[in-house]
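**Student:** what follows is a predicted protein model with its sequence.
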Amino acid sequence: PYYTRNTGKPWKPQDISQLKQMIHQNTPTRVAGLKLGRTEEAIRAEASKLNLSLKPINQSPYNRK
């Protein structure tokens with residue numbers, strides 16, 4: 001399937017920069033996985049390896065503006 005086209009392949013520098021950009025934009029892991037051709041688990045593992053948090057950023061608590 002499309003979402004596993006890169007499974008088992010090493011991460012390319014462009015993939016990593018794209019992942020960093022998507023994390024910064026609060027892209028859900030499932031969507032990031034589809035765009036990069038990786039599983040959600042692979043996205044989480046790579047983010048962890050790069051010491052990147054997948055928690056949403058720039059969001060105020062309780063939907064306050």
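**Tutor:** Arrived safely.
**Student:** look through this structure and tell me its longest helix.
**Tutor:** The longest helix of the chain (DSSP state H) is helix 13-24.
**Student:** in contact with Ala32, which residues are there?
**Tutor:** Counting by C-beta atoms under 8 Å, 6 or more residues apart in numbering, Ala32 touches Leu19, Met22, Ile23, Arg38, Ile43. Placement of C-beta: from N, CA and C, glycine included.
**Student:** please identify the helix or strand for the nearest residue to the second one once chain neighbours are set aside.
**Tutor:** Spelled out, it's Met22. In this structure, Met22 finds its nearest non-sequential neighbour in Ala32, 4.6 Å apart by C-beta to C-beta, 6 or more residues apart in numbering. Assessed by DSSP states H and E, Ala32 sits inside helix 29-36.
**Student:** tilt between that helix and helix 13-24?
**Tutor:** 150 degrees (axes from the mean of the first three to the mean of the last three C-alpha atoms, to 10 degrees).
**Student:** tell me the mean pLDDT for helix 29-36?
**Tutor:** Throughout helix 29-36, pLDDT has a mean value of 93.
**Student:** after that helix, which helix or strand is next?
**Tutor:** Downstream of helix 29-36, the next assigned helix or strand under DSSP H and E is helix 40-49.
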